Structure formats: C-alpha cells, structure tokens
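>>> Need coordinates for the below:
(chains A and B)
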Number of protein chains: 2
Amino acid sequence: MSNEEQYQGYRGPAKEVLLANEVAVWSHVIVHTDTRDYEGILLPRSAGDDSHIVIKLLTGYNIGIAAERVKSIEEVGVKKANYRIPEKEFPYDPQLPNVILLGTGGTIASRLDYRTGAVIPAFTPGELYGAVPELADIANITTRKLFGVFSENMGPKQWRITAENIGKEIEEGKDGIVIGHGTDTMHHTAAALSFMVQNPPIPIVMVGSQRSSDRPSSDAALNLIHAVTAAAKSDIAEVVVCMFGTTSDKYSFLHRGTRVRKMHSSVRNTFKTIGDIPIAKVTRDGVYPLRKDYRRRRKERDVIINTAFEERVALVYYYPNMHPDIIESLIDNGYRGIVIAGTGLGHVNKPLYEPLRRAYEEGITVFMTVQTLWGYVQMYVYDTGRDLLAAGVIPGQNMLPEVAYVKLGWVLGQTDDRKEIIRMMLTPIAGEITPREQYDGFIIGQGGLPEADEFLKKFS
Amino acid sequence: MSNEEQYQGYRGPAKEVLLANEVAVWSHVIVHTDTRDYEGILLPRSAGDDSHIVIKLLTGYNIGIAAERVKSIEEVGVKKANYRIPEKEFPYDPQLPNVILLGTGGTIASRLDYRTGAVIPAFTPGELYGAVPELADIANITTRKLFGVFSENMGPKQWRITAENIGKEIEEGKDGIVIGHGTDTMHHTAAALSFMVQNPPIPIVMVGSQRSSDRPSSDAALNLIHAVTAAAKSDIAEVVVCMFGTTSDKYSFLHRGTRVRKMHSSVRNTFKTIGDIPIAKVTRDGVYPLRKDYRRRRKERDVIINTAFEERVALVYYYPNMHPDIIESLIDNGYRGIVIAGTGLGHVNKPLYEPLRRAYEEGITVFMTVQTLWGYVQMYVYDTGRDLLAAGVIPGQNMLPEVAYVKLGWVLGQTDDRKEIIRMMLTPIAGEITPREQYDGFIIGQGGLPEADEFLKKFS
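From the prediction side, this is the model:
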C-alpha cells in the first residue's frame, strides 16, 4: 500500500497516532485508551476532523476515538477483504421495470456503502445490490458509467454525451433512467437535459448526495432508492431532480429540471423548486404527485434529442457600480449571447446602457433575468427599464438566470436569426417559464421545519 | 398642462378613451358606462394595466373602470388643488425622539399619499404629516434629500455621501436616522453603510416600498411608520433594513444590513435575512427583538465614519463552462479584487485555475463565496477546492456574495497589504460572517404563509 492508502483520509494528530503505532487502515486492531480498550477495524476516513481515529467495532458500530486518548494501538491482523461491499449478482425479476443508472461522477456513484461504514465506491449492479439490497425490490438495475468528472467541470460536452445516451437507452426500451450527478451543478445539467431531450416517454431522474456514505447522516442510499422508485414507478416523464425534501429522511421531492436550484452549500434538502412547488413527493412506498401539470409516461412517444449548443454565451450577475468593461470584454471576446441577472424587476446601472446597445448592434442577443430568483422581470414599470428595452435587452420572464443561460446556449446552437432566437427563448419548452408563480413557491413551504408537513397536508 | 401631465400614466385603450372625451387627469367627471354612472376625480396612474381608468369616487374610494365599458365622460370641473396632500406644519413635541429622514430617491420618498389615492410626492415634514399623520405620535421628524437616483444607479459615490451625512446627523444629536431608498439595491447600500458607519450610537433604518402609494396594496406608509418607530424607539443601534415581514400588513422585520437580500422581484415581503433570523419584528405598537446579539443604543458612543472605497472590484458569478477570458479580462482591465460566487461549497471549473493563479501573482486578491446563498464556503472537502486554495483563492466563509463584494471594495480602500486585506475580510465587522447559520434561517420560517406566525410564537 502507498502511504496515502495506508493512512487514507487521516491527517493531523489522528495520523500521527497511526504513524507512531505503525498501523494502517483496514487493520484489525485493539486500541488501548486511558479508560478502556476498543477492538475493531481501523476505517479510512473521508473529509472530517483531524483529531479522531475511527474504528468499526466488532458489533458493527463505528466509533471515533480522540487521538489524545490513545495510549497504544495493537495490530491483530488486516481484514480489508471483509469490508468490501459484498458483491452479489443483481437479481432479475421479469415483473419489475428496467432502470438504467448512468454515472457521470459525483458522490453518489463513488460512496454508497452506508451500512458498512467503509468508503469504497459502489456502482456496478452487483455492488449496488450489496450496498442497497432494497433496490432489487423496485427494479431491475443495470449501470453504465458515461464519464467521471467533478460536478463543477460539467459543461456542454458532458451534457451532449448524457443526452445522447439517454436517447439510446430510451430506444433500447428502458422504463426509467437515473443519472448519478454531483450536486454542485446538478440543476444546470437538469436544465440542459430538459432542452436537449424533448418529449421523453419515460422518467429521467437526476440524483446525488450531499453527504458521503461514510457518514451516518448520508442521504446517498435513500436518495437512490427514491430516484429508482421515481424512474421505475412514477408517471412523470420529465427530467427531474430527486433529492431530500426535508431535514429528516422521510421523503424526497421531484423537482422540475428547469425550476430547481441548489440553495444551501451543505444541507441535504438543499434543492428547491423556485417560484413553484415540486412536482411530487417520493417515499419508499411510492410517488405522490403534488400537482397535475406534468408530462405523463407514454412508452410509444418518440423522443427528440437535440444537443446543438453555442458555447460563447455568458451570464452576467449585476452589482452596483458595475463598469462598462464587463460588457465590452464580452463583445470583444466574441460572445454571441448574454444573460444578465439584474436587480429588482430587471435593472442595471446607466453606464451599461451604451455597451449593451453596442452588443445589440453587433448581433449579440441579450436577455434579462432577476437575481432575486423569485418573481418576474418587468421592464415596463420604470423609465430605466424602458431604456434597457430600447437598447435591445429582452425580458426573460421568470426564467432562472442559470436556466436562461443554458437555454440561450441551446437556442443559439439552433439558429442565428434574432427573431427566431427571441421566439424560442420566450416560448416555454420544458416549464422554464410559468404563467404565474404561486405564493406557496416563495421561500417558505418547501420542506425543512415541521411546517413543511403542514404544507404537504394540503396535498394528501 | 403638457400632454404627459394631462394623461399622466395612461396608455393604450384607457388613454384613448380620455382623448376621445377630451378630459384630463384631476378633472371632476361623471363617467357614463353601459350599466351606471360614476362621479369623482379622474386620478393619474402609475405603472399598471392600460385598459382601465381610475376614479376617486365622492365617497373617497378609488374605482377602476374598464375603458371598453365607458360610453362617455362628462367634465364637471377640475379639482386638482383638492387632491394635493394637505400640508401642515409637523408638530414638535419635546417629549418625543428626534428622527431625520434622509432621501436618496426611490419610491417611498416620491409617493406617499396612500389615503388620498393621488400620486404626488411627499417628502417634506409637512407633506409627510399630511399624508401619514401618525408619524407625529412617534417622533419629531425632519427631512433632507441627499440626492435622487434610481436604486440601480446607487454606487460608492452615493454610499459615501450617505455615510458622511449619517455621521453629521449623529453629531447633531439625532435619536434615530431613517434612510429612504429604492428597493433594488437596498441590501447593497445597507452592507456598504454597515462598513462605512462603524460603532453607531443610534438606529440607522433603511426603508423603501415595493408598491407605490397610489395602489391600495401599498406598503409605503406602513413601512415608514415601522421604520420611524424603529429609529425613534428601538434599542438596536445598527444599520438595518425595515420592510414587510409577511404578505399581510401585520408587521415589518428589521434585517441586519449585512445579512439581508432582496429575494423576490415584486412581493412586499421580498427582503429576507439569509442564514439567520431577523433582528426584530416591528408593529405600530413597538419593536420586538427576536434575538439578543445586537448593538445597543448608547448615545455617548463615538461613531467612526470610514468611506474609503476601491472601485476596481468585480463580482463573478460562476456558471458551467465559464471561459478563462472572463477572469483574464478582469486582470487586463486593472481590477484589484475579485469575489467569486462559486457553485456548491465554493467551486469553479478547471480552466479558471490558471487565470486565477495569474490574478494572484499580479496582486489581485480573490475571495470565494457560494451562489447557493445559504451555507458556508468549504474548500477543504474536495481536491478541486484545495487546488483553488493553492491558486490563492480565499474562502469567504458565509459572507453573501454581494456583501463580500462591497466589503472587498471597502477593505481595498484601506490597504494594499495582502495579509491585511485577508485579515480584514475574514474578521467580522458588522455581522457579515456568523459562527453558525441556524436552521431557522434556511428558506423557511421568515414570513409569508401562516406558518411564519407559528415560527414567531417561539419568540413571543
């Protein structure tokens, strides 16, 4: 084993105590402390504090022991093999739907062994079955890794590959598709797939995890169970994001791919449907729609895969005193489309009017969205909004800034004609523009505190 | 009267019907419709639909009449003078606190006559007293217009003038300061004043309105009453934003100037404290703190006004496939500081690492924040975060992106020394970094649906 493998994830005082006692991870050890002894397997660690070592006790429980309490560590043997995820052939039941899990990278595909406490990746059907055997009661699962990139490195190239593979799996007759994805840009990819994969006959469910599965609070396994349930059983043939709907592990929500946004850097119920309520709630028992306006599953429907994408598109987030050079640089660098996230109803300061006018004249199409995230652009209310309209800036209704960015790249991939660009941008294709935002969708009421259950009562 | 004055705010079919009948706003008219007649004063309109004319009936109520229903309009006389806000001298009561209202532009200072239905600006003490006589029971009010700009045109210049005038008013012994401000960038100005005005001895309360006062749903008057109440009576000597806390007009919240953000383009309770709960609730009856960690009013405290500001600072909002030219242009254009709003825990894609490294080498200081808005930057969790740290990008904890942007401009106004820049940025000055974000502060629980009252019960 390399040094890195021997002390996997350990640093600081915790690593020092391992070095001092010459023991490596996966060793069967007895740890002598000031008060008592602990026997078990020394587990590797993922990100965490640097002052504890973690032992899987013979009872199966994990325990963290402060490095400063350790008097000595006695090695009894190495048991790594025992702590691999037990791999068994994923059972096939002809009565169950067929679901494919497409891997793109991200936490869910790399750490799924929530019951053993170990941090070994689980992705093949056999590994998944070993780690989360309940999956076999829901669907017949196959898996395919498309690529492995960190979520923040996802872009048009990966969106295209994913869309094309979705098309392929639909053609091959799958009943549902689950896409494992890092959570950082899951909503951007969800938007891209919503435009690139049109008219899907089956559910396309994106899933990830906010906590890796070596932590007791991991959401990886349950999110996956919910996602496979949605893909296999639900009637919702759209691109959706399936993630925890509450701080507890009672249910996940299915969020429409064009209205969802990551709203917290670390909590598990970080994804929120913006300006609306989620499409459905998912539990281990099934899928419970919260609304009726979704595309129904209909296997005979023909999917359209359209992956054209113009990469010279930028999203500009306005801030007070923004200088004209921000827009001028985009013009000079050959951008073809700009989405602005303006303040209030869709405003920027006066010094930007002139470069925006120039952008218009040079054939760049500019759309306005609002950085408040909730609510509509309304540029007719104030004179300044009307000045921006006169400069050629087009109100983007209530498209989320990131969704408008993704859509503009996709639209510019199809056409150069300004009229057609505007027509396509302002015609809702996958729910990205809604006729109204219901108040339930504003900040409150989507999960979290006990009130969320109150809110959900309306639908049960 | 000019044509614009004659048909003030009217357009489309509504204007046509006025033109056809040769009547102008402020006329005393009888409107004959298909069903009945309406007698009253033809009111000017602000932004609104183009298909109704609005009459103030003799009963005092306003009514909108669809242009298509109008058969003819008969002019009885012109009564504009009657619909001026009755101006009386603002009473002085030596027992009451002295509050100054500083005007910066924005809706609240321009339209305050919520009871008459007219759209005349009210700003002088006499006009305010005429429009909102309750104010005289709360404080002795004087007013001063600093400048008049649309909120989106506010920037360092206006922040400086405002801060200096706050200092002056404190020196002159005022008991509280109210700042009328457009809502678009009220949170940016609140952050700027939080840094520029340190150690304030009295409340500094920013207030605006989301609905102009010619609309029955206007929040202008009540927000102003709440703001004057907070400035005159509260014990909270901080820069705060006072705006509606709920969809009803039951109360406003006082939001800390560095933790507040506009979260909806149009609703009245658009301002939310992010990652925390508001400091206090304000009703007509008084100020009810929701927490204890605020600076107390203490008149003998010396305020420090520090308005230095470096304008070459940019806020970059990351999106998938962002190209290096976005960062390179900032370097080439002489920016001295950059705040990134990254995805997830604070990430950007790999192609940006190299230009960020170059930015570091050229003396530009770069801070990372999260575009999720809620939660902390944590760049030690993944390798990619550690790569960014190695490129010199500094985690900005849980500062909101716009607050970090304002603070970086302010810090770079004080020092060129990188160590000192980092030390100042990461030392909380006005609550912009918090040791933890309580869960109550995540999306739910701040007002809106009835649940908000449940939430508030905890504090009453």
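>>> Chain A: helices as residue ranges?
A:3-6, A:12-21, A:107-110, A:125-131, A:135-138, A:156-171, A:186-196, A:220-233, A:325-332, A:353-361, A:383-390, A:401-414, A:418-426, A:451-457 (DSSP state H).
>>> tell me the contacts of the residue of the stretch 151-300 of chain A found nearest chain B?
Taking CB to the nearest CB, chain B has its nearest neighbour within the stretch 151-300 of chain A at A:S265, 3.0 Å off. Glycine gets a C-beta too; all of them are placed from N, C-alpha and C. With contact set as CB atoms under 8 Å, 6 or more residues apart in numbering or on different chains, A:S265 has these partners: B:G344, B:L345, B:G346, B:V370, B:T372, B:W374, B:G375, B:Y376, B:V377, B:Q378.
>>> okay if I get the helices of chain A as CSV plus distance to chain B and mean pLDDT?
Formatted as CSV, the helices of chain A follow (distance: least, CB to the nearest CB, whole Å; pLDDT from 0 to 100):
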stretch, distance to chain B, mean pLDDT
helix A:3-6, 12, 70
helix A:12-21, 12, 90
helix A:107-110, 10, 48
helix A:125-131, 22, 78
helix A:135-138, 27, 94
helix A:156-171, 6, 98
helix A:186-196, 5, 98
helix A:220-233, 15, 94
helix A:325-332, 4, 98
helix A:353-361, 11, 96
helix A:383-390, 5, 82
helix A:401-414, 5, 98
helix A:418-426, 17, 95
helix A:451-457, 4, 44
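>>> from those helices, which stretch is densest packed?
helix A:186-196 (a mean of 28; mean count of other CB atoms under 10 Å in any protein chain shown).
>>> Tell me the helices and strands packed up against that one.
Using 3 or more CB pairs under 8 Å, 6 or more residues apart in numbering or on different chains; DSSP states H and E as the contact definition, the elements that helix A:186-196 packs against are helix A:156-171, strand A:204-207, strand A:239-244, strand A:260-262, helix A:401-414.
>>> Extract the CA atoms of that helix and return them as PDB.
Extracted C-alpha coordinates of helix A:186-196, given in PDB (Å, rounded to 0.1, in the frame of the first residue of the first chain):
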ATOM      1  CA  MET A 186     -27.000  19.300 -11.000                       C
ATOM      2  CA  HIS A 187     -29.600  22.000 -11.700                       C
ATOM      3  CA  HIS A 188     -27.600  23.300 -14.700                       C
ATOM      4  CA  THR A 189     -27.400  19.800 -16.100                       C
ATOM      5  CA  ALA A 190     -31.100  19.200 -15.400                       C
ATOM      6  CA  ALA A 191     -31.900  22.300 -17.400                       C
ATOM      7  CA  ALA A 192     -29.600  21.300 -20.200                       C
ATOM      8  CA  LEU A 193     -31.200  17.800 -20.400                       C
ATOM      9  CA  SER A 194     -34.700  19.400 -20.300                       C
ATOM     10  CA  PHE A 195     -33.900  21.200 -23.500                       C
ATOM     11  CA  MET A 196     -31.700  18.600 -25.200                       C
END
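>>> Now do it: distance to the chain's middle.
Its chain's C-alpha centre and that of helix A:186-196 lie 10 Å apart, by CA atoms, centre = their mean, to the nearest Å.
>>> The nearest residue to A:T343 once chain neighbours are set aside: neighbouring residues, count only.
Nearest in space to A:T343, with sequence neighbours left out and distances taken as CB to CB, 6 or more residues apart in numbering or on different chains, is B:D184 at 4.1 Å. Residues lying near B:D184 (other CB atoms under 10 Å in any protein chain shown) number 31.
>>> next one: A:R301
15.
>>> Same check on the one 4 residues further on?
Neighbours of A:I305 under the rule other CB under 10 Å: 18.
>>> who does it bridge with?
When assigned by DSSP bridges, A:I305 has beta-bridge partners A:V197.
>>> Show the contacting residues for it.
Per CB under 8 Å, 6+ apart, neighbours of A:I305: A:A163, A:E164, A:I166, A:G167, A:M196, A:V197, A:Q198.
>>> measure it to chain B for me?
Distance, A:I305 to chain B, by CB to the nearest CB, to the nearest Å: 20 Å.
>>> picking that back up, the residue nearest to A:T343 reaches B:V149, doesn't it?
No. With contact defined as CB atoms under 8 Å, B:D184 does not count as touching B:V149 (10.9 Å).
>>> and the closest residue to A:N21 other than its chain neighbours, what does it touch?
In space, and not counting its chain neighbours, A:N21 is closest to A:I73: 3.9 Å by CB to CB, 6+ apart. Shown in contact with A:I73 (CB under 8 Å, 6+ apart): A:V17, A:L18, A:N21, A:V23, A:V29, A:I30, A:V31, A:H32, A:L42.
>>> cutoff 7 Å now
By CB atoms under 7 Å, 6 or more residues apart in numbering or on different chains, the contact set of A:I73 is A:N21, A:V23, A:V29, A:V31.
>>> any chance of the helices and strands packed on helix A:186-196 in a markdown table, plus distance to B:T247?
Output for these, formatted as a markdown table (distance: least, CB to CB, whole Å):
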| stretch | distance to B:T247 |
| --- | --- |
| helix A:156-171 | 38 |
| strand A:204-207 | 33 |
| strand A:239-244 | 27 |
| strand A:260-262 | 22 |
| helix A:401-414 | 25 |
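>>> List just the one of these that sits closest to B:K250.
Proximity to B:K250, assessed across the helices and strands packed on helix A:186-196 by CB to CB, is greatest for strand A:260-262 (29.3 Å).
>>> from memory A:G9 sits against A:P44, does it?
Yes. If you go by CB atoms under 7 Å, A:G9 and A:P44 touch, sitting 5.0 Å apart.
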